[in-house]
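[1] What follows is a predicted protein model with its sequence.
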Amino acid sequence: MSLGAIYDIAASGMNAQSMRMNTTASNIANAQAVAGSAEETYKPRHPIFAAVMHGQKAGDEFSIEEPKTGGMAVQVLGIYESDQPGMKRFQPNHPLADEEGYVYSPDINVVEEMTNMISASRSFQINVEVMNSTKSMLQRLLTLGQ
């Protein structure tokens, strides 16, 4: 594997962690949202990752295109939407309350989501450090001939 492949690997990790931060931010933003029925309630979302060889799609035994640089990468397979039922609260004066006086809110643990956000942020930072270290090694490699 060449040093250039490290950039591709770190970039795929940064893209994956960026997706994770976006879905976590969406979950936190909608943690206090209410709806008039259980079906309309916001469902927490989480990305699904897979480690794949460059040029290969997850689940494929062989790649259609030839790998450019070799090595593994992170692929976002999709966004999983939780099927957990929302929390039912009795608030008869709320404008979105149903006929029985209940409103529904998503079952989102904000502390857990903040932990997810911190973890994604640190993973993103580590990938940036990998890119910077690789850049430094390539620059030193260029000065060896002088």
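    Yep, it's here. Residues are numbered from 1 along each chain as shown.
[2] The helix ranked longest in the chain packs against which elements?
    Counting by DSSP state H, the longest helix found in the chain is helix 110-143. With contacts defined as 3 or more C-beta pairs under 8 Å, 6 or more residues apart in numbering; DSSP states H and E, helix 110-143 has these neighbours: helix 3-29. Just so you know, the C-beta spots here come from the backbone N, C-alpha and C atoms, and that holds for glycine as well.
[3] Check which element follows the helix it packs on along the chain.
    strand 45-53 (DSSP states H and E).
[4] How about residues contacting that next one?
    16, 19-20, 23, 26-27, 58, 63, 67, 70-82 (C-beta atoms under 8 Å, 6 or more residues apart in numbering).
[5] can you pull the buried residues of stretch 29-44?
    Asn30, Ala31, Val34, Ala35, Gly36, Thr41, Tyr42, Lys43, Pro44 (16 or more other C-beta atoms under 10 Å).
[6] Tell me which of those residues has the lowest pLDDT.
    The lowest pLDDT within these belongs to Gly36, which sits at 87.
[7] got any ranges where the chain has weak pLDDT?
    1, 54-70 (pLDDT under 70).
[8] what residue is smack in the middle of it?
    In the chain, the residue lying closest to the centroid (C-alpha atoms, centre = their mean) is Arg20, at 1.7 Å.
[9] Tell me the spacing between that residue and Val103.
    29 Å (C-beta to C-beta, to the nearest Å).
[10] will you turn the buried residues of stretch 29-44 into TSV that also has distance to Arg140?
    Putting the buried residues of stretch 29-44 into TSV (distance: C-beta to C-beta, whole Å) gives the following:
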residue	distance to Arg140
Asn30	47
Ala31	47
Val34	57
Ala35	57
Gly36	62
Thr41	55
Tyr42	50
Lys43	49
Pro44	46
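[11] Which one of these is nearest to Ser133?
    Set against Ser133, the nearest of the buried residues of stretch 29-44 by C-beta to C-beta is Pro44 (35.1 Å).
[12] In contact with the closest one: list those residues for me.
    So Pro44 contacts Asn27, Glu81, Ser82, Gln84, Pro106, Asp107, Ile108 (C-beta under 8 Å, 6+ apart).
[13] From these, list the buried ones, please.
    So, by 16+ other C-beta under 10 Å, the buried ones in those are Asn27, Pro106, Ile108.
[14] Understood, closing this out.
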